[in-house]
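# Sharing a model that was predicted from the sequence below.
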Amino acid sequence: MSRISRDDVVHVARLARLELAEAEVDTFTGQLAAILDHAEDVAALDLADVEPTSHPYPLVNVMRADDPGETLSNSEALAAAPHAESGRFRVPTILGEAP
C-alpha cells in the first residue's frame, strides 16, 4: 500500500488552493510517495550515539582575530572618494531627502 494516495494529493492541493490536472496528480502522487519513503529511511537510522551538530565539520571559530591596527586618516580615506565635502563622503540624495 502506498503511503500517499491520489485522494490525499487532491485533498492537499485543494487545501493549498491549487488546481492540478489529472496528469499532475499522478506525477505528484509518485513524487510525494518517494519523498515519504526517503523520510522513512532517514527516520529508521540508528542515531543514538550520534551527537547533534549544526555543521558536518568540527569548525570552531573560522574568523580571524579582531585585532586593532593602523587605520587611514580622514584625508587618506577621502582621497579616493569621487566626491567629498566638509570632511565627509558626498553621496547622491536618496528619495529626494535633503542631507
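Nice, I can see it. Numbers count the residues shown, from 1 in each chain.
# can you give me the strands in this protein?
Counting by DSSP state E, the chain has strands at residues 84-85, 88-89.
# Quick check: which of the ones you listed is buried the most?
Comparing these on average neighbours per residue, with mean count of other CB atoms under 10 Å, the densest one is strand 84-85 at a mean of 13. All C-beta atoms are positioned from the backbone trio N, CA, C, and that covers glycine.
# in its sheet, what does that one sit against?
Each strand that pairs with strand 84-85, with its direction, by DSSP bridges: strand 88-89 (antiparallel).
# Can you tell me what sits against the partner strand?
Contacts to strand 88-89, defined as CB atoms under 8 Å, 6 or more residues apart in numbering, come from residues 78, 81, 83.
# Take those and write them to CSV, including pLDDT.
Written out in CSV, the entries for those read as follows (pLDDT from 0 to 100):
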residue, pLDDT
L78, 93
A81, 91
H83, 91
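# among those, who's most crowded?
L78 (16 neighbours; other CB atoms under 10 Å).
# Now do the contacts for that residue.
Taking CB under 8 Å, 6+ apart as the test, what L78 contacts is 84, 87-89.
# what's the closest of the residues you listed to L20?
The closest of the contacts of L78 to L20 turns out to be F89 (CB to CB; 54.8 Å).
# Can you spell out which residues form a bridge with the closest one?
As assigned using DSSP bridges, the partners bridged with F89 are A84.
# Which pLDDT value does the model give it?
Per-residue confidence at F89 stands at 91 (pLDDT).
# distance of it from S75?
F89 sits at a distance of 13 Å from S75 (criterion: CB to CB, to the nearest Å).
# With P92 instead?
Using CB to CB, one obtains 23 Å as the distance from P92 to S75.
# more neighbours, those two?
Neighbour totals were compared for P92 and S75, and S75 leads with 9 against 5 (other CB under 10 Å).
# what's the distance between P56 and V50?
In this view, P56 and V50 are 12 Å apart by CB to CB.
# Hmm, I4 and L36 touching each other?
Yes. L36 sits in contact with I4 when judged by CB atoms under 8 Å, with a separation of 6.1 Å.
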